[in-house]
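Asks: give the three-dimensional model of this entry:
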Amino acid sequence: MARIHTLSVTLQSIRPVLLLMSSRRMDCFMLCTKCLEQYTELAQFKKIYVLSTGCSSEHSVLIQSFQKRHDNVVVIEGNSFGGGNPLPAMLNIIMRRHVADPIVKLYEDVFVTPDWLPRLLSTYRNTRSNPRRAIVSALAPISRTGRPFMERLLRAHYPEERELFPDIPFLHNSIAHRFLWEKILHEQLTQKLLEQRNSEYILRPSLSTECILFDAAFTRQLLPFPMERDDAPRPDEPHIVETLSRLSLQAAVNPHCLVHHFAHQSVEKELRKNISLDDLWWFMLFGKGGINPELHFHTLKAAPHPSKRHSSYKKPKLHLIR
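Replies: I've put the predicted structure just below:
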């Protein structure tokens, strides 16, 4: 009698399309692409689209340099789409072209860490049979998606400091952001986060969209992106979250697939005054984003971090800001 063999989908056989959104943060774009090149097999992407909106001439030179280094990079300039924010129109065109492909969406102020893509694709593969799962997401510790994970971590390791934050609108509070970045850069907070006993993925009804993956089923539900939100800083995110809610779908968040989101718009100016970008570059490129890739993510143990505080560092004064 003939045997029936089940053929499993290998991670290498999944070839997504990467959409990298870039606007005015030239220094973030430089670090974002450096992290992508250092921690990603970029040839696995079928195409890499850099969506350039409002970039300076110097920024455009950096984008072109990135394009020359990789054969699969395509640059889409937003100035050819007329006034307002051209991002919704750009997304509509590209996603219609790749409606059958898995799509990874990433912003220029989000920095990937080692093995982020295999872990994202692994969760995508393992949840494909779930009809309610529409999106797979990496975990950005400082984000709406990361808030529940950080709540548990802060209560365990920094209970006194955590008591200062209960009534603060977290994502709009520069003191909270500064506090967390100090802990990430200098006190191994990333390792502490990875040591939490989390399953491979956690299903969530809503999320923030720092680094997400979705495929044809959800792409068809998303299109078209509405143009009336062209004045929003991220006009795509509200539409993605609303579509997820309207269809009662879920996102699978992989807490072992870490990315770091730096330039939250509401606190960016204050954050840049207090967090050294030199420290951030060192942490991401030489400290591997706080991840020790030699250890399996189920058995992670804290490792000493060699970074030192910046010479101008002063311990932040925490105040209750409402």
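Asks: tell me where the stretch 101-250 of the chain has helices.
Replies: For the stretch 101-250 of the chain, the helices defined by DSSP state H, counting those that start in this stretch occupy 116-126, 147-157, 159-162, 174-186, 189-195, 216-222, 236-246.
Asks: among these, which is nearest Glu41?
Replies: Taking CB to CB, helix 116-126 is the member of those nearest to Glu41, at 7.3 Å. The C-beta positions use only the backbone N, C-alpha and C, and glycine is treated the same way.
Asks: who's in contact with Leu153?
Replies: Going by CB atoms under 8 Å, 6 or more residues apart in numbering, Leu153 touches 189, 192-193, 196.
Asks: er, Ile103 actually
Replies: Taking CB under 8 Å, 6+ apart, we find Ile103 in contact with 16-19, 95, 213-215, 219.
Asks: hey, what's it bridged with?
Replies: With DSSP bridges as the criterion, Ile103 is bridged to Val17, Phe214.
Asks: gap between it and Ser143?
Replies: 20 Å (CB to CB, to the nearest Å).
Asks: what's the answer for Met284, then?
Replies: Counting by CB to CB, the gap from Met284 to Ser143 is 16 Å.
Asks: out of the contacts of Ile103, who's nearest Asn79?
Replies: Here the nearest of the contacts of Ile103 to Asn79, counting by CB to CB, is Leu19; it sits at 18.1 Å.
Asks: packing partners of the host helix or strand of that closest one?
Replies: In this structure, Leu19 sits in strand 17-22 according to DSSP states H and E. Judged by 3 or more CB pairs under 8 Å, 6 or more residues apart in numbering; DSSP states H and E, strand 17-22 is in contact with helix 26-39, strand 47-52, helix 87-97, strand 103-107.
Asks: so for it, mean pLDDT?
Replies: Strand 17-22 shows a mean pLDDT of 97.
Asks: same question, stretch 98-117
Replies: The pLDDT scores in stretch 98-117 average 97.
Asks: distance between it and the chain's centre?
Replies: Its chain's C-alpha centre and that of stretch 98-117 lie 7 Å apart, by CA atoms, centre = their mean, to the nearest Å.
Asks: would you mark the buried spots in that stretch?
Replies: Neighbour counts using 16 or more other CB atoms under 10 Å place 98, 101-117 of stretch 98-117 among the buried residues.
Asks: in its sheet, what does the lengthiest strand in the chain sit against?
Replies: Identified as the longest strand of the chain according to DSSP state E is strand 250-261. Applying DSSP bridges, strand 250-261 is found paired with strand 110-112 (antiparallel), strand 133-139 (parallel), strand 202-204 (antiparallel).
Asks: just how off-centre is the longest one within its chain?
Replies: For strand 133-139, the distance between its averaged C-alpha position and the chain's averaged C-alpha position is 11 Å (CA atoms, centre = their mean).
Asks: and it, which residues are buried?
Replies: Buried, per 16+ other CB under 10 Å, within strand 133-139: 133-139.
Asks: just to revisit the earlier point, please, a ChimeraX command that selects the buried ones among the contacts of Leu153?
Replies: Selection of the buried residues among the contacts of Leu153 in ChimeraX, burial being defined by 16+ other CB under 10 Å:
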select :189,192,193
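Asks: can I get the contacts of Leu153 in TSV including pLDDT and distance to Glu160?
Replies: Shown next, in TSV, are these (pLDDT from 0 to 100; distance: CB to CB, whole Å):
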residue	pLDDT	distance to Glu160
Leu189	90	16
Lys192	90	16
Leu193	90	19
Gln196	84	20
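Asks: any chance of the contacts of Leu153 in JSON lines, plus distance to Leu223?
Replies: JSON lines is the format used below for these (distance: CB to CB, whole Å):
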{"residue": "Leu189", "distance to Leu223": "38"}
{"residue": "Lys192", "distance to Leu223": "40"}
{"residue": "Leu193", "distance to Leu223": "35"}
{"residue": "Gln196", "distance to Leu223": "37"}
